[in-house]
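> fold the stuff below for me.
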Amino acid sequence: MNRRDFINVFAGSLAATFPLRARAQGSARPVVGVLMLGNPDPGFFLHELGQGLRELGYVEGRNITLELRNAHGSMASLNALARELVEIKVDVIVAFQTPSVAAAKEATSEIPIVMCPAQEPVQMGFVASFARPGGNITGLTTATADLTGKNLDLIREALPAARRLAAIGNTIDPFHKPFLESLQAAAPKLGFQLMTVLTPPDELEAVFAELAKDGVEVVLVQPSMGREIAAEMALKNRLPLLAPSAEFARAGALMAYGADAGAVYRQSATFVDKIIKGRKPADLPVELATKFVLVVNLKTANALGITLSPTLLARADEVIE
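This next block holds a predicted model:
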């Protein structure tokens, strides 16, 4: 893997704004490192982060330099890339999702780190508290563990006869523990028999095939899994798929209720701006996402032969047909 390959996202538009630099050292401009596991696809995140920076007046090559690092799904590479950003002395690291925050935290206790977002940041040991983060980490969280109950309610409403529920956790994301624990607590109350599966993202194809053989009726997946592959395998095996991330429904899952990811990614730029201007992460309270959306994929519902009630469709913020 060429670590310095630029991640081309939107037909060159982002490339024109954020060309990759060979080195950060010696730059007179603030240097922002962007660290990504690469699974799920960071394209939407990069687009929205870029939009947030532009709205604050930052232009690549003029008053800011970006160093993008994508591990393409490899935790070993992610840790190495985090150390690389430290070695080239970036001014701040924006870490996309919990695994990248963990890798950045391991690499440095001095360079400011912006979570975009991280789940359960206090439980994960990233910050001391929301109000007073303490060390060198601050940023955003979307309270995904708390959203699992809402997604279970949606499953019960859309599939009232379903009983056998599988929850898939991502082994390379430390958030899998609270994610699965929240489901284990909530599922029995709604009459679900819960099966939990821990797997790396590159084994999803085999996992979905096995779940179909085992008679699972519906699947809930951790948001750090690959969206497109999860949606594709769910549809192939005729399994309704949900996730506490709206991006999954847009990729082909049946439904999703979660934070407005675009708003979260754009908001992370405000933390970068404050840190560049001299604020310390320890003094910047962690922010919780405030806008949540329900996305229903009617095209997927039709393909699976599922009839969704007009009431449910009317509540959706977005219906994909």
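> what is the least confident helix or strand in the protein?
Sorting the helices and strands of the chain by mean pLDDT, DSSP states H and E puts helix 13-17 at the bottom, at a mean of 39.
> which is the next helix or strand following that helix?
Per DSSP states H and E, helix 13-17 leads on to strand 31-36 as the next helix or strand towards the C-terminus.
> so what strands line up beside that following strand?
Here strand 31-36 is paired, per DSSP bridges, with strand 65-70 (parallel), strand 92-96 (parallel).
> now the last one, how far from the centre of its chain.
On the basis of CA atoms, centre = their mean, to the nearest Å, strand 92-96 is displaced by 13 Å from the centre of the chain it belongs to.
> what sits up against that strand?
If you take CB atoms under 8 Å, 6 or more residues apart in numbering as the criterion, strand 92-96 is touched by 30, 32-37, 42, 45, 49, 82, 85, 101, 103-104, 108, 111-116, 118, 139, 268, 272, 275-276. Every residue, glycine included, has its C-beta placed from N, CA and C.
> coming back round to it: most tightly packed of the strands paired with strand 31-36?
strand 92-96 (a mean of 28; mean count of other CB atoms under 10 Å).
> immediately after it, which helix or strand?
Sequence order places helix 98-107 as the next helix or strand after strand 92-96, per DSSP H and E.
> now do the buried residues in that following helix.
For helix 98-107, burial by neighbour count (16 or more other CB atoms under 10 Å) applies to 98-105, 107.
> then stretch 45-55?
The neighbour-count check on stretch 45-55 (16+ other CB under 10 Å) flags 45-53 as buried.
> now stretch 183-198
Residues of stretch 183-198 classed as buried: 183, 186-187, 192, 194-197 (neighbour count, 16+ other CB under 10 Å).
> ok, now stretch 194-214?
194-197, 199, 201, 204, 207-208, 211-212.
> start to end distance for that stretch?
Length of stretch 194-214, first residue to last, CA to CA, to the nearest Å: 12 Å.
> and stretch 297-315, by the same measure?
Taking CA to CA, the first and last residues of stretch 297-315 lie 13 Å apart.
> looking at it now, give me its mean pLDDT.
For stretch 297-315, mean pLDDT rounds to 97.
> also stretch 263-280?
Mean per-residue pLDDT for stretch 263-280: 97.
> coming back round to it: report the two of the buried residues of stretch 194-214 separated the most.
Largest separation among the buried residues of stretch 194-214 by CB to CB: 194 and 201, giving 21.0 Å.
> just the helices in the stretch 201-321 of the chain please.
204-213, 227-236, 246-251, 261-276, 298-304, 310-315 (DSSP state H, counting those that start in this stretch).
> thinking again about what came up before, closest to residue 281 among the buried residues of stretch 183-198?
For these, the closest approach to residue 281 (CB to CB) belongs to residue 183, at 31.4 Å.
> what's the distance between the closest one and residue 238?
22 Å (CB to CB, to the nearest Å).
> tell me, how many neighbours does the residue lying closest to residue 295 once chain neighbours are set aside end up with?
Closest residue to residue 295 apart from its sequence neighbours, by CB to CB, 6 or more residues apart in numbering: residue 249 at 3.8 Å. Counted with other CB atoms under 10 Å, the neighbours of residue 249 add up to 28.
> same question, residue 220
Neighbour count for residue 220, taken as other CB under 10 Å: 27.
> and for the one 3 residues further on?
Neighbourhood size, residue 223 [other CB under 10 Å]: 28.
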